[in-house]
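**Q** Okay, sequence plus prediction incoming.
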Amino acid sequence: MTLALSLLWPALLGAFSVFGFAPYGYFLVPIVSLALLFVRMAYVAPRRAFWQGYAFGLGYFLAGVSWVFVSLHKFGQMPWPLAALATFLFCAFLAVFPALATWLAARLTANASWRLALALPASWMLLEWVRGWILSGFPWLAVGYAQVPESALAGFAPILGVYGVSLLTALVAGAMALRSRVGWIAVAVIGLTGWGAQSLRWTDPVGAPVTVSLVQGNVVQSMKFDPARLEQTLLGYLNLVRRSEGQLTILPETALPMFWREVPADYRAALADAARARGGDVLIGVPILDIEGRYFNGVVSQGQAPQQTFHKVHLVPFGEFVPPGFAWIVAQMRIPLGDFSRGEPGQLPLAVAGQKVAMNICYEDVFGEELIHALPAATLMANISNDAWFGDSGAPWQHLQIAQMRALETGRVWLRANNTGITAAIGADGRVMGQLSPFVQGVLEIRAQGRSGLTPFARWGNVPALLLAALILMVSGWRGRRSRFAR
């Protein structure tokens with residue numbers, strides 16, 4: 001009972017941290033939560049530190065990504081007890097990463113002040129990075145995302161990326177946990193530096209702005225692949241394209257719920273004619289079947305420019321491919337086209353509407369370092385998604401916040417066309433230029449300025465942030481060993 005009560009407080013702290021992310025946006029909340037957690041880590045044995053971190057992580061992910069249940073049960077039609085169990089086990093697995101972070105810091109150093117100020121923030125960031133790639137990766141809710149776009153720490157995003165912002169967020173929390181004059185000076189220095197960095201411009205406008213139409217079809221997920229609704233879906237998107245005004249029109253992920261080769265020729269021609277009438281192109285989210293029988297989650301262009309395609313590279317486990325040994329889970333769900341093939345990495349931007357548009361699909365945009373290969377060639381970045389899978393939950397808003405971080409990292413306007421929302425355009429400063437309300441059908445008309453050049457993050461990726469965290473961890477660990485020897 002005593003152990004359970006001791007773990008309740010960090011679990012509540014973890015759950016409370018979620019108010020720092022969209023749609024709430026209280027960016028100070030995760031900093032305060034981490035600071036309070038770090039205070040509890042003072043002079044704690046590694047084993048106890050592990051369970052404190054695990055409790056925090058379990059509360060954090062159960063509160064922050066429990067929308068997985070919606071996709072599994074409501075739309076994947078998995079029985080609710082199994083969906084609830086799968087969601088809990090998923091969050092329980094994710095909680096291992098903050099647990100390992102707190103264990104590592106406690107293991108490396110017994111000096112409380114150094115552990116709070118340095119070892120814990122560095123290990124926290126490094127384990128976030130590991131979570132972002134292991135087993136195909138799930139970097140959702142990295143604490144750096146909460147700092148976009150309002151916090152001064154967002155100024156570090158073009159330099160160090162989201163993990164670097166996570167590191168600085170945790171360092172601020174560690175400095176606060178010291179409850180000393182030195183700690184508050186460190187908080188002020190980090191904050192003022194980030195605020196100053198926000199005035200830096202790493203990329204430059206290139207060419208004239210282009211008019212863009214972002215289409216939100218608002219097709220109900222439960223009816224999206226219903227053959228009886230196919231004609232209505234096709235006509236709905238054609239009408240939205242025809243009424244669009246942009247030189248570049250972008251449709252959501254799998255807007256056309258059929259293979260591109262099966263789309264009637266006259267329908268393709270109608271889309272192309274509508275785009276040509278405005279001297280531009282339309283980008284269409286559609287499954288693509290090749291001559292070898294493989295199918296891809298893809299994008300096809302139609303209009304003034306020659307037809308071009310993009311194949312999604314980073315696939316979603318269980319939703320787009322079946323991991324070995326997990327076919328039984330997929331059998332519990334009814335997800336059409338559940339075993340896509342992976343596109344080739346390093347695909348070139350699409351040359352459309354006088355721009356070079358780097359595409360990514362669905363949650364590919366949570367893997368920032370995987371997208372910078374398209375730079376500096378790309379002048380615009382575009383994501384097409386179908387967040388209808390998560391219903392009226394926090395997931396679409398969190399996804400929008402992730403895209404705001406990507407805009408800062410790349411120094412590019414970020415265009416998002418989403419089936420049910422959030423369809424939006426984000427400036428190179430990470431701020432939303434315009435958006436549609438969720439669960440409405442409509443077209444967002446904006447003017448987007450193409451940009452050239454490279455941010456430091458686009459040039460070096462996560463390497464500087466990882467080196468900084470590793471250096472901090474080494475210094476704090478060395479200091480801890482020295483302190484133990486002295487005693």
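**A** Received the coordinates, thanks.
**Q** isn't there a helix covering R416?
**A** No: counting by DSSP: H, G, I helix; E, B strand; the rest coil, R416 falls outside a helix, being strand.
**Q** isn't it right up against L400?
**A** Yes: using C-beta atoms under 8 Å, R416 is in contact with L400, at 7.1 Å. For the C-beta atoms, the positions are set from N, CA and C on the backbone; glycine is no exception.
**Q** who's more crowded, these two?
**A** R416 (30 against 24; other C-beta atoms under 10 Å).
**Q** That one and T423, how far apart?
**A** For R416, the distance to T423 equals 6 Å [C-beta to C-beta, to the nearest Å].
**Q** on that earlier part again, overlap in contacts of R416 and L400?
**A** Applying C-beta atoms under 8 Å, 6 or more residues apart in numbering, one finds that R416 and L400 are jointly contacted by 422, 424.
**Q** What segments of this protein are strands?
**A** Residue ranges of the strands in the chain, as given by DSSP state E, are 204-205, 210-216, 248-250, 281-289, 295-303, 309-311, 350-352, 355-361, 380-385, 414-418, 424-426, 432-435, 442-448, 451-452.
**Q** Next, name the residue at the spatial heart of the protein.
**A** Closest residue to the average C-alpha location of the chain: V366 at 2.9 Å, with C-alpha atoms, centre = their mean.
**Q** And the pLDDT at that one?
**A** If you check V366, the pLDDT there is 96.
**Q** per-domain residue ranges of this protein.
**A** Domain ranges of the chain: 2-201+461-486, 204-454, per automatic domain parsing.
**Q** contacting residues around E369?
**A** Going by C-beta under 8 Å, 6+ apart, E369 touches 161, 461-462.
**Q** Check A84 too.
**A** Counting by C-beta under 8 Å, 6+ apart, A84 makes contact with 69, 73.
**Q** how close does it get to G285?
**A** 31 Å.
**Q** Kindly report the same for M223.
**A** If you go by C-beta to C-beta, the gap between M223 and G285 works out to 17 Å.
**Q** In terms of packing, which of those two has more residues around it?
**A** Higher neighbour count among M223 and G285: G285, with 29 against 12, using other C-beta under 10 Å.
**Q** these two touch, right, that one and P252?
**A** Yes: between G285 and P252 there is a contact under C-beta under 8 Å: 5.3 Å.
**Q** Mind pulling the model confidence for D266?
**A** 97.
**Q** Same question for A353.
**A** The model's pLDDT for A353 equals 97.
**Q** what's around I134, how many residues?
**A** For I134, the count of nearby residues is 10 (other C-beta under 10 Å).
**Q** typo on my end, S33
**A** 25.
**Q** give the contact list for A208.
**A** G354.
**Q** Quickly note the distance from it to G191.
**A** As judged by C-beta to C-beta, A208 and G191 stand 38 Å apart.
**Q** cool, G217 as well?
**A** G217 sits 42 Å away from G191, going by C-beta to C-beta.
**Q** what's the answer for V29, then?
**A** Relative to G191, V29 is positioned 16 Å away (C-beta to C-beta).
**Q** got a list of what the closest residue to M176 other than its chain neighbours touches?
**A** Distance criterion C-beta to C-beta, 6 or more residues apart in numbering; nearest residue to M176, sequence neighbours excluded, is A35 at 4.2 Å. The contact partners of A35, taken as C-beta under 8 Å, 6+ apart, are 173-174, 176-177.
**Q** so how far is W51 from A35?
**A** 19 Å.
**Q** which one of the contacts of A35 has the most neighbours?
**A** The most crowded member of the contacts of A35, judged by other C-beta under 10 Å, is G174 (31 neighbours).
**Q** mind listing what that one touches?
**A** With C-beta under 8 Å, 6+ apart, G174 has these contacts: 34-35, 38, 116-118, 120-121, 183.
**Q** and if you look at F61?
**A** Residues near F61 by C-beta under 8 Å, 6+ apart: 14, 90-91, 94-95, 141.
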